[in-house]
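In: Predicted model, plus sequence, below.
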Amino acid sequence: MTVKKQDKSPDLLGLESFGLSENEAAVYLYLLARGVEVGGSKIAIGIKLHRQYIYLALPKLISLGLVEEVAHGKQSKYKAKPPIQLEKIAKRKALEAGELAEQLKKISKVGYEQDFEVVQGIPAIQQYEIDRITSVPEDTEQYFIGGASQGFFDMMAGEYEREYAPIANQKKLKSYYIGYKDEYKVAENAQVLDRQHFEFRWLPTFPKGVVNIMIMNDTVSFYTFVNPPILYVVTSKIVAENLKRFFMMLWNIAAKNTSLS
């Protein structure tokens, strides 16, 4: 039986969208409307479908629990179960889908994609930072594992002051910075720093160096303040989440510094 979509009843279309074939849906609707036990031949006559297709549809309906088979000697008759059974099937499928998804996560590499780019030189890095801060939503947070803030401010000062800082302040960009004990003095001396949204902590043995790491959303940025300065950006949700957990571990054991408040 093949019926054009525009000629199908809403009930038939609904059952098909639920996952039943056209024939399965037609058999269930017929039995549901009869409400009594009906033999396969009578079902075939009732929905004008060859018995072959009836007996192909019935096993699926029985396995789903939508139809009950009732023995009458050597023959069988069939009776529809209440429509509430559809809700039970949906709940069971949702549970099974959740369990399957958890199993597939163990082998799936989807969601662990990563991208990588390199930005080289002061003008290129300045423009990259301005473009990035322009695109982020308000109240975005960034987490720094520092040690090289002097290099950052030396590199960014001019462009940072003229373009970057107003955008960051408008968007209330929040910065959390871990560094060495006296590194906050570098930040205090930076005229472009928005102290209202900047929090600094230090670790006693934190080394001074030429590399800073910054985590923002799904990106991890590695700044190397050598000649020329280079910015390496890894875009990966799983990498960013893991490194943020590492940052928070350091943050929780670091000493607070209130000089920037």
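Out: It's in. Numbering: from 1, shown residues only.
In: who's sitting farthest from the centroid in the chain?
Out: Ranked by distance from the centre of the chain (Cα atoms, centre = their mean), the top residue is G73, with 56.3 Å.
In: where does that one fall, phi/psi-wise?
Out: Note on G73: its backbone torsions stand at phi 70, psi -130 [degrees, to the nearest 10].
In: Spit out the contact partners of it.
Out: By Cβ atoms under 8 Å, 6 or more residues apart in numbering, no residues touch G73. All C-beta atoms are positioned from the backbone trio N, CA, C, and that covers glycine.
In: So which residues of the protein form helices?
Out: Secondary structure of the chain (DSSP state H): helices at 10-18, 22-34, 40-47, 51-64, 84-105, 122-135, 149-159, 165-170, 183-189, 237-253.
In: and the angle from the longest one to helix 22-34?
Out: Between the axes of helix 84-105 and helix 22-34, defined by axes from the mean of the first three to the mean of the last three Cα atoms, to 10 degrees, the angle is 150 degrees.
In: just to revisit the earlier point, can you check what pLDDT the model gives the residue farthest from the centre of the chain?
Out: Looking at G73, its pLDDT stands at 82.
In: so how far is L66 from it?
Out: 24 Å (Cβ to Cβ, to the nearest Å).
In: what do you get for N23?
Out: Separation of N23 from L66 (Cβ to Cβ): 13 Å.
In: Which residue of the two possesses the greater neighbour count?
Out: More crowded of N23 and L66, by other Cβ atoms under 10 Å: L66, with 24 against 20.
In: Pull the contacting residues for the more buried one.
Out: By Cβ under 8 Å, 6+ apart, L66 lies in contact with 28, 80-81, 85-86, 89.
In: Which residue, other than its chain neighbours, is closest to D139?
Out: Spatial nearest neighbour of D139, excluding adjacent residues (Cβ to Cβ, 6 or more residues apart in numbering): K172 at 5.3 Å.
In: quick one on the thing from earlier: now for the helices of the chain, which one comes closest to V226?
Out: Proximity to V226, assessed across the helices of the chain by Cβ to Cβ, is greatest for helix 149-159 (8.5 Å).
In: and the closest one, average pLDDT?
Out: So the average pLDDT for helix 149-159 ends up being 75.
In: Which neighbouring elements make contact with it?
Out: Contact partners of helix 149-159 among helices and strands, from 3 or more Cβ pairs under 8 Å, 6 or more residues apart in numbering; DSSP states H and E: helix 122-135, helix 183-189, strand 211-216.
In: Strand 211-216 and that one, what's the angle between them?
Out: Angle between the axes of helix 149-159 and strand 211-216 is 60 degrees (criterion: the same axes, to 10 degrees).
In: Okay, now the unreliable bits of this protein?
Out: 1-8, 108-113, 158-161, 186-196, 257-261 (pLDDT under 70).
In: Correct me if wrong: A57 contacts E24.
Out: Yes. With contact defined as Cβ atoms under 8 Å, A57 and E24 form a contacting pair (4.4 Å).
In: Contacts for stretch 94-114, please.
Out: 234-239.
In: Among those, name the buried ones.
Out: 234-236, 239 (16 or more other Cβ atoms under 10 Å).
In: Could you work out the most separated pair of the residues you listed?
Out: Of all pairs drawn from these, the one with the longest distance (Cβ to Cβ) is T235 and V239, at 8.4 Å.
In: If you count neighbours, what's buried in stretch 174-183?
Out: 174-180, 183.
In: To clarify, my last question referred to stretch 57-68.
Out: Neighbour counts over stretch 57-68 (16+ other Cβ under 10 Å) mark 57-58, 60-61, 64, 66-67 as buried.
In: Comparing the helices of the chain, which comes out most buried?
Out: Of all these, helix 22-34 has the most neighbours on average by mean count of other Cβ atoms under 10 Å, namely a mean of 21.
In: ok so, going back, would you mind giving the contacts of stretch 94-114 as a markdown table with distance to L15 added?
Out: Below are the contacts of stretch 94-114 laid out as a markdown table (distance: Cβ to Cβ, whole Å):
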| residue | distance to L15 |
| --- | --- |
| V234 | 49 |
| T235 | 44 |
| S236 | 43 |
| K237 | 39 |
| I238 | 41 |
| V239 | 46 |
